[in-house]
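Undergrad: Build the 3D model from these lines:
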Amino acid sequence: MKSFLATFLFLFLSISSFAQLGGEDEVYLSGDMIEPKFNGGGLEKFYEFANKEIDFSKFTKSEKILASFTVDKNGDLKNIKVIQFDNFESATEIMRVLTKSPKWKPAQKGGNPVAVTMKFPFDVKLKNNNEVSQSKKIEKVASDSTVEKVPEYSGGLSNFYKFIAKNYREPDQPGLNGKVIVSFVVEVDGSLSNFVIDKDLGFGTGKEAIRVLKKSPKWTPATQNGVPVRATYSLPILITTPK
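TA: I've put the predicted structure just below:
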């Protein structure tokens, strides 16, 4: 058995139903949970703020950028990351704007403030007028689990470990020791999507993890109130090669 498989003892599971935002200010995520608000309004207020603050000279072309951050219980933005981008300078500009964000009104569950992590897409269009537009769908992950039943690989985790061991190709790099972290979404039909390398060791280790995950058979999806919902995994893989 390959040495990196020991990491599965430390498998982190991050589960949440995904909600699609509409035109209303309040969106209920799990019956009694209300999404965070920005400047007294909905998400359109946040995009207005972004349009005013972004320095479009940092962008050389139209592009889509995906950022994530946590709105904590006090309404402050924490754990700000840009997880998908084409250009380093434009990604840095998005980071700068997010760090300048005023406080939000935190999400509430059961009448109490809770921390919520959100994935925010920025669709920057450079045509006649520079602008950053709101994507039709905002993916959001609550800090606490909101699903009744988590997604499951056919045969359980032991079979999943066997699948990884059989298919993962370790890099030809002696003495490599560290962790690759990959997140992905288990869709309502059990397929895997939205692969993101959160931490990479280089030498193709992250790409190899995604290659293997793309070959995965379908899972049994998560459910909420008996209905299949999207759920996200964060998967750390420890890579150790002989010196």
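
Undergrad: after the helix or strand hosting Gln108, next one along is what?
TA: Following DSSP states H and E, one finds Gln108 within strand 107-109. Later in the chain than strand 107-109, the nearest helix or strand by DSSP H and E is strand 112-114.

Undergrad: Summarise which helices and strands that following strand is packed against.
TA: strand 107-109 (3 or more C-beta pairs under 8 Å, 6 or more residues apart in numbering; DSSP states H and E). The C-beta positions use only the backbone N, C-alpha and C, and glycine is treated the same way.

Undergrad: average pLDDT for the strand it packs on?
TA: Taken as a whole, strand 107-109 carries a mean pLDDT of 80.

Undergrad: Run the chain-centre distance for stretch 152-172.
TA: On the basis of C-alpha atoms, centre = their mean, to the nearest Å, stretch 152-172 sits 22 Å off its chain's mean C-alpha point.

Undergrad: Same check on stretch 184-199?
TA: Distance of stretch 184-199 from its chain centroid, counting by C-alpha atoms, centre = their mean, is 9 Å.

Undergrad: what do you get for stretch 173-180?
TA: Relative to its chain's centre, stretch 173-180 lies at 24 Å (C-alpha atoms, centre = their mean).

Undergrad: what's the answer for stretch 174-186, then?
TA: Worked out by C-alpha atoms, centre = their mean, stretch 174-186 lies 15 Å from the chain centre.

Undergrad: Just the C-alphas of it, formatted as CSV.
TA: The C-alpha trace of stretch 174-186 is given here as CSV (Å, rounded to 0.1, in the frame of the first residue of the first chain):
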residue,chain,number,x,y,z
PRO,A,174,12.9,11.3,-3.8
GLY,A,175,12.3,12.6,-0.3
LEU,A,176,9.1,14.4,-1.0
ASN,A,177,7.1,14.7,2.2
GLY,A,178,4.0,16.9,2.6
LYS,A,179,0.3,17.3,2.2
VAL,A,180,-1.9,18.0,-0.9
ILE,A,181,-5.4,19.3,-0.1
VAL,A,182,-8.1,19.1,-2.8
SER,A,183,-11.7,20.1,-2.4
PHE,A,184,-14.6,19.0,-4.6
VAL,A,185,-18.4,18.9,-4.8
VAL,A,186,-20.5,15.8,-4.7
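
Undergrad: Which parts of it count as buried, going by neighbours?
TA: Leu176, Lys179, Val180, Ile181, Val182, Ser183, Phe184, Val185, Val186 (16 or more other C-beta atoms under 10 Å).

Undergrad: Quick one: mean pLDDT for it?
TA: 82.

Undergrad: and for it, what are the contacting residues?
TA: 7, 14, 18, 151, 192-201, 203, 205-206, 209-210, 213, 219, 221-222, 230-243 (C-beta atoms under 8 Å, 6 or more residues apart in numbering).

Undergrad: Parallel or antiparallel, which strands does the strand holding Gln108 pair with?
TA: Neighbouring strands of strand 107-109 in its sheet, by DSSP bridges, are strand 33-34 (antiparallel), strand 112-114 (antiparallel).

Undergrad: what about Phe163, helix or strand, and which?
TA: Phe163 belongs to helix 157-167, assigned by DSSP H and E.

Undergrad: I'd like the next helix or strand past that helix.
TA: Moving toward the C-terminus from helix 157-167, the next helix or strand (DSSP H and E) is strand 177-186.

Undergrad: Including distance to Gly75, could the buried residues of stretch 174-186 go into a markdown table?
TA: Output for the buried residues of stretch 174-186, formatted as a markdown table (distance: C-beta to C-beta, whole Å):
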| residue | distance to Gly75 |
| --- | --- |
| Leu176 | 42 |
| Lys179 | 32 |
| Val180 | 33 |
| Ile181 | 28 |
| Val182 | 30 |
| Ser183 | 25 |
| Phe184 | 30 |
| Val185 | 27 |
| Val186 | 30 |
